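In: Need the 3D shape of this:
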Amino acid sequence: MGDVLTEKQELVLKIIRNWYLENGEAPSLSELQESLSISTKRGVVNHLIALEKKGYIFRTSKPRGIHMVDSDDEVVYDYLVGIPVLGYANAGTPLVSAEEENIGVLKIDRSLVGKKKNLFSLIVKGDSMNLASIEDKCIEEGNYVIVQKDSEINDGDIVVAIIENSATVKRIKKAKDMIVLYPQSSNPENQPIFLDKDTESIINGKVIKVLENPSI
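Out: Sure thing, here's the model as predicted:
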């Protein structure tokens, strides 16, 4: 992590963390200004610039474009990790766009994912994996799958693949001359997808956990 923070900078960082945990997104400049009782937005921006230079956040030009930098040195809320929800993955025919939508952040106890890095989440659409489970949690429509990018992929793993710019969840089998993405479904209409062995780069990550969605 970067240089030591001033008392005011620690307060700004704590407010940003709290906002993420309570709302699943970063505060706006106006919301930060109000929380900090600062008279101008420029004063807020100066604090953000300092935090960015010290390596605690990075910023984009988008609204609410403040992003926390994950660190093993994090003290506040070190029991929670924020995992971005990047959109939807079809557990069926890959029809849902794989474009990253950043539709929220899951707040998960760090013990549930251990020290795994490069994690993101998708919301399942479809029923082609409704007989598959990870740790006794079925991959049913509406549930979240937690995906680890750059993970070693072995035969039988459940993966997220990007096919024609659409994400799909399937179990993988590596044959001599092809890759097979096959369903585990109660619906007989779901069929395997057969790919050339040289298309392994389409595998976007390995599903490591399934979380129930209480809103469905």
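
In: Domain ranges for the protein, per the record?
Out: With domains defined by automatic domain parsing, the chain comprises 7-68, 80-211.

In: In a markdown table: these, plus mean pLDDT and mean neighbour count.
Out: The way it works is simple: take the backbone N, C-alpha and C, and place the C-beta from them, glycine included. Listed next are the domains of the chain as a markdown table, based on pLDDT from 0 to 100; neighbours: other Cβ atoms under 10 Å:
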| stretch | mean pLDDT | mean neighbour count |
| --- | --- | --- |
| domain 7-68 | 87 | 15 |
| domain 80-211 | 84 | 17 |
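
In: Let me know whether Y88 touches S121 as I believe.
Out: No: Y88 is beyond contact range of S121, at 10.5 Å (criterion: Cβ atoms under 8 Å).

In: Scan the protein for its longest helix.
Out: Taking DSSP state H as the criterion, the chain has its longest helix at helix 7-23.

In: tell me what it is packed against?
Out: Applying 3 or more Cβ pairs under 8 Å, 6 or more residues apart in numbering; DSSP states H and E, we find helix 7-23 packed against helix 29-36, helix 41-53, strand 66-68, strand 80-90, strand 104-109.

In: Now with 7 Å, please.
Out: Applying 3 or more Cβ pairs under 7 Å, 6 or more residues apart in numbering; DSSP states H and E, one finds that helix 7-23 contacts helix 29-36, helix 41-53, strand 66-68.

In: so that helix versus helix 29-36, what angle?
Out: 120 degrees (axes from the mean of the first three to the mean of the last three Cα atoms, to 10 degrees).

In: chain center to helix 7-23: distance?
Out: On the basis of Cα atoms, centre = their mean, to the nearest Å, helix 7-23 sits 21 Å off its chain's mean C-alpha point.
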